[in-house]
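Visitor: Generate a structure from the sequence data that follows.
(chains A, B, C and D)
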Number of protein chains: 2
Amino acid sequence: MAGKREQNREQNRQALIGAVLDSVAEKGISETSVSEIIQRAGLSRGMIHLHFGGKDNLVQAAAHHSSEEYYDELEALLQTAGDSPQERIEMIVRGDLSERVLNRRNVSIWYAFRGESRNRKAIAEHSDTRDGRLRGMIHNAFSRIVREAGTPDASGTARDATHGTLALLEGMWTDFLLHPDRFDREEAARIIFRFLSAMFPAHFSLKGAVRTTAEEALPPPCA
Amino acid sequence: MAGKREQNREQNRQALIGAVLDSVAEKGISETSVSEIIQRAGLSRGMIHLHFGGKDNLVQAAAHHSSEEYYDELEALLQTAGDSPQERIEMIVRGDLSERVLNRRNVSIWYAFRGESRNRKAIAEHSDTRDGRLRGMIHNAFSRIVREAGTPDASGTARDATHGTLALLEGMWTDFLLHPDRFDREEAARIIFRFLSAMFPAHFSLKGAVRTTAEEALPPPCA
DNA sequence: GATTTTGATGGACGATTGTCCATTTTTCAT
DNA sequence: ATGAAAAATGGACAATCGTCCATCAAAATC
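Guide: Numbering: from 1, shown residues only, chains lettered A, B, ... in the order given. Next up is the predicted model:
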């Protein structure tokens, strides 16, 4: 038994964090006031100061929580993927574009915190999950791919492919932010794999999609 | 002569807009208050209500102004480019990554407004310049490229290339936002062209960069 | 130069912000 | 059951928010 004392304590902490994220998602960060938060959490005004020492710390904790949630979701998906590097890349891309990860709520929260990130470095760190763990996951996979392929300047190629893939994913998120209704997950994934299959034709195929110019440009087989 | 009346009027309007952008860039949107704005502009408190009817309208006008500035800068650069579609693409990419366009101030402002875009659609429109004019410019260029190359499903390929290039640029901007000191413009451009040259090997070359895996994967010339 | 017109001023105003603490309620240990 | 300890409450508080207007200054018109 965890003790009803501590159990309630933790429960209320989570309720506050959840209330912040709900409010940020729905009303934006500028309208997320203490009054708004405690009303959503159904708790009393003093709780924020009691548990977090102030609103700023609570918001920071919420940013941290949101970041962890994003990453946990992605890691869970990755564990269902196969061992081959191309399978892992594919899972990351499709996972990052999946409904569970890329949805209105998450995007609102993510970009709201990003908007404040320049002026609050504590929050900036949590907007930057991509640069830490996610980058490592993708880079590992591309490193194996270029090693298999015997590409010259393997490390540079793997680094560029990682950087480019992350940039593409970021761009798709922005697309979703600005046009959530007209956004098409399949199209976003197809475009990314189109770029990847152009760079690594031996490792990524378009699966029914139209072939790329790069493939078309191959010289005819020797007669 | 424009009349000293109207001349001063317009001058003060611009001062207010400039003060908003300075404040947003330096302190963030949440700390951009009426007091902060009028102090920076060196004007009196009532000016905001007089010229814009309220703070919200002023902020919106500032977002609009910033967006126009971004686009004007890019269009000016584009006029110095040649006529070939690949030259135009190259100019857009390099322009969008150039110091004049991609710098700390602009990125701060851009993402600050983006963070509020979900809850204030008037601002969202101005965060979305990319989807309008810029998209058209890029799409035109890729359309010519795929037409020349005789690619099957030309329109789909041009659309995907446009979407992908925009996503890559967006991603690079995010990169800059989160790591302004370690960001490398040359590297960002190289990665984008690496993707593009993989998709359109006949139109984009790496110019001294290491060749891509796609090129390596070409079968040896017929003996 | 007098009068009208318009722009500019800065303080008053009520509403709302986040912080903090005296008090009450609940849980734990005895 | 009783006392100690911890958690939760909700209102007081000063500070700040954005709006608005009575007043003043200056430019344009006569």
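Visitor: And the helices in chain A, which stretches?
Guide: A:4-27, A:34-41, A:47-52, A:55-78, A:85-96, A:104-117, A:121-126, A:133-149, A:154-178, A:185-199, A:213-216 (DSSP state H).
Visitor: would you turn those helices into a markdown table with distance to chain B, mean neighbour count and mean pLDDT?
Guide: Placement of C-beta: from N, CA and C, glycine included. Putting those into a markdown table (distance: least, C-beta to the nearest C-beta, whole Å; neighbours: other C-beta atoms under 10 Å in any protein chain shown; pLDDT from 0 to 100) gives the following:
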| stretch | distance to chain B | mean neighbour count | mean pLDDT |
| --- | --- | --- | --- |
| helix A:4-27 | 6 | 17 | 94 |
| helix A:34-41 | 13 | 17 | 98 |
| helix A:47-52 | 17 | 18 | 98 |
| helix A:55-78 | 10 | 18 | 94 |
| helix A:85-96 | 12 | 20 | 95 |
| helix A:104-117 | 2 | 23 | 95 |
| helix A:121-126 | 7 | 17 | 84 |
| helix A:133-149 | 5 | 19 | 93 |
| helix A:154-178 | 3 | 23 | 95 |
| helix A:185-199 | 4 | 22 | 95 |
| helix A:213-216 | 5 | 20 | 45 |
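Visitor: Including distance to DNA strand D, could the ones you listed go into JSON lines?
Guide: Shown next, in JSON lines, are these (distance: least, C-beta to the nearest atom of the strand, whole Å):
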{"stretch": "helix A:4-27", "distance to DNA strand D": "4"}
{"stretch": "helix A:34-41", "distance to DNA strand D": "8"}
{"stretch": "helix A:47-52", "distance to DNA strand D": "5"}
{"stretch": "helix A:55-78", "distance to DNA strand D": "12"}
{"stretch": "helix A:85-96", "distance to DNA strand D": "36"}
{"stretch": "helix A:104-117", "distance to DNA strand D": "16"}
{"stretch": "helix A:121-126", "distance to DNA strand D": "20"}
{"stretch": "helix A:133-149", "distance to DNA strand D": "32"}
{"stretch": "helix A:154-178", "distance to DNA strand D": "24"}
{"stretch": "helix A:185-199", "distance to DNA strand D": "37"}
{"stretch": "helix A:213-216", "distance to DNA strand D": "52"}
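Visitor: Please name whichever of those helices is nearest to B:S67.
Guide: Shortest distance between B:S67 and the helices of chain A, using C-beta to C-beta, is found for helix A:154-178: 12.7 Å.
Visitor: and the angle from the closest one to helix A:133-149?
Guide: Interaxial angle of helix A:154-178 relative to helix A:133-149 (axes from the mean of the first three to the mean of the last three C-alpha atoms, to 10 degrees): 140 degrees.
Visitor: Now do helix A:154-178: which elements does it pack against?
Guide: Counting contacts by 3 or more C-beta pairs under 8 Å, 6 or more residues apart in numbering or on different chains; DSSP states H and E, helix A:154-178 packs against helix A:85-96, helix A:104-117, helix A:133-149, helix A:185-199, helix B:104-117, helix B:154-178, helix B:185-199.
Visitor: Using JSON lines, lay out these together with distance to DNA strand C.
Guide: Output for the helices and strands packed on helix A:154-178, formatted as JSON lines (distance: least, C-beta to the nearest atom of the strand, whole Å):
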{"stretch": "helix A:85-96", "distance to DNA strand C": "32"}
{"stretch": "helix A:104-117", "distance to DNA strand C": "13"}
{"stretch": "helix A:133-149", "distance to DNA strand C": "31"}
{"stretch": "helix A:185-199", "distance to DNA strand C": "35"}
{"stretch": "helix B:104-117", "distance to DNA strand C": "16"}
{"stretch": "helix B:154-178", "distance to DNA strand C": "24"}
{"stretch": "helix B:185-199", "distance to DNA strand C": "37"}
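Visitor: How many residues are close by whichever residue of chain A sits closest to DNA strand D?
Guide: Sorted by distance to DNA strand D under C-beta to the nearest atom of the strand, the residues of chain A start with A:G46, at 2.0 Å. Using other C-beta atoms under 10 Å in any protein chain shown, A:G46 has 9 neighbouring residues.
Visitor: Pull the contacting residues for it.
Guide: Applying C-beta atoms under 8 Å, 6 or more residues apart in numbering or on different chains to A:G46 gives no contacts.
Visitor: and what of A:T80?
Guide: So A:T80 contacts A:M91 (C-beta under 8 Å, 6+ apart).
Visitor: Read off the pLDDT value for it.
Guide: At A:T80, the pLDDT value in this model is 92.
Visitor: Ramachandran coordinates for it?
Guide: Backbone geometry at A:T80, expressed as degrees, to the nearest 10, gives phi -90, psi 0.
Visitor: do the same with A:F204
Guide: The phi/psi pair for A:F204 (degrees, to the nearest 10) is phi -120, psi 130.
Visitor: For it, give its distance to B:D153.
Guide: 18 Å (C-beta to C-beta, to the nearest Å).
Visitor: So which of these two has more stuff around it?
Guide: Shown here are A:F204 and B:D153; by other C-beta under 10 Å, A:F204 has more neighbours (19 against 13).
Visitor: Find the residue closest to the more buried one in space, skipping its chain neighbours.
Guide: A:S197 (3.9 Å; C-beta to C-beta, 6 or more residues apart in numbering or on different chains).
Visitor: wait, that neighbour sits on A:L206?
Guide: Yes. Using C-beta atoms under 8 Å, A:S197 makes contact with A:L206 at a distance of 5.6 Å.
Visitor: tell me the pLDDT at A:T212?
Guide: pLDDT at A:T212 comes out at 43.
Visitor: Tell me the backbone dihedrals of A:R45, please.
Guide: According to degrees, to the nearest 10, A:R45 has phi -60, psi -40.
Visitor: For burial, what's the neighbour tally of it?
Guide: 12.
Visitor: returning to that earlier point: do you know how far the residue nearest to A:F204 is from B:T174?
Guide: Counting by C-beta to C-beta, the gap from A:S197 to B:T174 is 24 Å.
Visitor: go on, A:K4?
Guide: For A:K4 relative to B:T174 (C-beta to C-beta), the value is 45 Å.
Visitor: give me every residue that touches A:R100.
Guide: Neighbours of A:R100 in contact, by C-beta under 8 Å, 6+ apart: A:73, A:77.
Visitor: With A:A41 as the reference, measure out to A:H51.
Guide: Distance from A:H51 to A:A41, by C-beta to C-beta: 11 Å.
Visitor: Now the common contact residues for these two.
Guide: A:12, A:16.
Visitor: Let me know whether A:D128 touches B:L177 as I believe.
Guide: No. The pair A:D128 / B:L177 is not scored as a contact, 9.6 Å apart, by C-beta under 8 Å.
Visitor: Let me see the backbone angles for A:H179.
Guide: Per degrees, to the nearest 10, the backbone of A:H179 is at phi -140, psi 70.
Visitor: What is the burial count for A:A202?
Guide: 14.
Visitor: Would you list the phi and psi of it?
Guide: Residue torsions, per degrees, to the nearest 10, at A:A202 are phi -80, psi -20.
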